[in-house]
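[1] Predicted model and sequence below, questions to follow.
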Amino acid sequence: MKITAQKVFVANVSRTNFVFVKFYTDEGYEGVGEATLEWKTLTIVSALEELERVLIGRDPFAVDAIVEQLHRDSYWRTGAVFRTALGAIEAALLDIKGKALGVPVFELLGGKYRDRVACYANHWFFGAVTPEQYADNARKAVAMGYRALKWDPFDVADLEMDRKQRRQTIDIVAAVRDAVGPDVDLMLDVHGRLNVPTAIAMCRELAPYDLRWIEEPTPPESIDALVDVRAASPVPIAAGERWFEPGKFLEALSKKAVDILQPDVSHAGGLGETKRISHMAHHHLIPVAPHNPVGPVMNAMTLHMSVAIPNFSVFETVSVDVPWRKELVRETLQFEDGAILAPTAPGLGVELIEEACARYPYEPYNVPLFDGSMNTSGVAAGAATFPRD
């Protein structure tokens with residue numbers, strides 16, 4: 001079997017653009033991967049197109065050899081852009097291989113540890129501004145079946161927060177906790193926006209609300225800053241979505257910087273690399289809760305990895321998305337009682353509908369972290385991701 005062609009597809013989804021790469025073979029098998037890199041859409045498209053010439057004519061079954069060659073031959077090979085392209089390419093190759101062999105991708109990763117993965121909801125908060133609105137959205141997410149919710153209540157935080165900002169954050173968290181009761185897990189995402197003393201202060205002030213974790217409290221560049229926060233925080237600390245190389249994860253584990261590790265299957269270099277990182281964490285007795293707030297193919301990629309590692313904790317997914325998400329792909333995932341069942345279809349179990357992508361062409365978006373639009377932009381009137389029609 002040989003790869004005969006590659007195509008890259010972009011679809012605007014209101015807050016960012018999904019990016020998919022698809023391979024075609026001389027035996028009729030096709031494979032898809034996702035390379036969505038928020039606010040770097042044109043850059044990641046160019047990276048995928050530049051790598052195409054290396055892939056045409058190759059045997060898609062030689063997954064590890066191709067990935068290793070791409071890594072070896074790419075002189076500028078660190079960072080989000082290359083590692084995301086690599087992860088999407090590897091996923092598309094595994095999708096082809098799984099389809100040809102008639103097995104789900106997780107079987108190519110060593111088989112499954114579990115039949116279902118517990119989920120937590122992201123994106124449930126879109127459109128909320130006041131504590132009451134957050135509470136109402138949280139109740140709706142729980143009514144969908146979710147038993148864990150994550151969001152960023154830190155408004156326009158930029159290294160420091162004044163007293164008004166801190167009180168506003170605490171009021172929102174208190175309202176959500178009161179709305180959902182004690183049996184729903186809550187996680188907060190800071191998106192790396194605080195300095196060390198502010199992060200420590202916020203962790204302490206938020207401790208009474210029984211949080212499962214506080215995520216990326218400080219910028220991702222400094223592991224030592226995270227070490228300082230974790231040492232002083234009464235709330236567990238999670239991080240990892242913006243680390244791209246195994247060495248960074250090893251440093252974090254060796255320095256005891258996190259309670260929960262959050263590699264992103266795409267941005268950390270793919271399913272194979274993320275599984276190796278997860279086993280590294282397993283040897284340190286640290287659970288893995290993979291980062292996954294993006295698109296439908298990424299969702300499938302992360303699901304296969306989640307059932308194939310021993311130290312899986314909880315699966316991130318979006319509770320609402322743009323209504324046309326269902327036009328872009330055919331998904332075979334089953335959501336049941338707050339969990340997604342292990343896939344059974346060959347390959348990744350998701351099919352890209354190519355012509356649909358053209359109906360939603362690329363749109364540029366700005367990073368919404370510092371202008372107060374994080375929770376009010378995007379898909380406030382979106383459709384439920386699960387259950388499917």
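    Structure received.
[2] From now on I want contacts and neighbour counts done on CA atoms only, so please keep to that.
    Will do.
[3] what's the neighbour count on K22?
    Around K22 there are 23 other residues, counting by other Cα atoms under 10 Å.
[4] now H283
    11.
[5] measure it to F249 for me?
    13 Å (Cα to Cα, to the nearest Å).
[6] Same check on V32?
    Distance from V32 to F249, counting by Cα to Cα: 27 Å.
[7] which ones are touching M301?
    33, 91, 265, 271, 348 (Cα atoms under 8 Å, 6 or more residues apart in numbering).
[8] any idea of the pLDDT on E38?
    With respect to pLDDT, E38 scores 92.
[9] So it is in contact with N17, correct?
    Yes - counting by Cα atoms under 8 Å, E38 touches N17, with 7.0 Å between them.
[10] Give me the more crowded residue out of these two.
    Per other Cα under 10 Å, whichever of E38 and N17 has more neighbours is N17, with 26 against 16.
[11] In three-state terms, label the nearest residue to the more buried one once chain neighbours are set aside for me.
    Closest residue in space to N17, ignoring its immediate chain neighbours: A11 at 5.4 Å, by Cα to Cα, 6 or more residues apart in numbering. Put simply, A11 is strand when judged by DSSP: H, G, I helix; E, B strand; the rest coil.
[12] what sits against A11?
    Counted by Cα under 8 Å, 6+ apart, A11 has contacts 17-19, 357-362.
[13] Just put these in CSV and tack on secondary structure.
    What follows is the contacts of A11, written out as CSV (three-state DSSP):
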residue, secondary structure
N17, strand
F18, strand
V19, strand
C357, helix
A358, coil
R359, coil
Y360, coil
P361, coil
Y362, coil
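[14] Now name the helix or strand holding the closest residue to A128 other than its chain neighbours.
    Of all residues not flanking A128 in the chain, Y134 sits nearest, at 5.3 Å (Cα to Cα, 6+ apart). In this assignment (DSSP states H and E), Y134 forms part of helix 131-143.
[15] ok, now M301?
    Per DSSP H and E: helix 296-307 holds M301.
[16] Keeping just the C-alphas, turn that helix into CSV.
    C-alpha atoms of helix 296-307 as CSV (Å, rounded to 0.1, in the frame of the first residue of the first chain):
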residue,chain,number,x,y,z
PRO,A,296,-14.1,15.9,16.5
VAL,A,297,-11.0,14.1,15.0
MET,A,298,-8.9,15.3,17.9
ASN,A,299,-11.6,14.0,20.2
ALA,A,300,-11.3,10.5,18.6
MET,A,301,-7.5,10.6,18.8
THR,A,302,-7.6,11.5,22.5
LEU,A,303,-10.2,8.8,23.2
HIS,A,304,-8.1,6.0,21.7
MET,A,305,-5.1,7.1,23.7
SER,A,306,-7.2,7.4,26.9
VAL,A,307,-8.4,3.8,26.8
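[17] Give the helix, strand or coil label for L186.
    Following three-state DSSP, the label given to L186 is strand.
[18] ditto for the one 5 residues further on
    Following three-state DSSP, the label given to H191 is coil.
[19] Look up how far W243 lies from it.
    Note on H191: its distance to W243, by Cα to Cα, is 13 Å.
[20] R147 now?
    Using Cα to Cα, R147 is found at 28 Å from W243.
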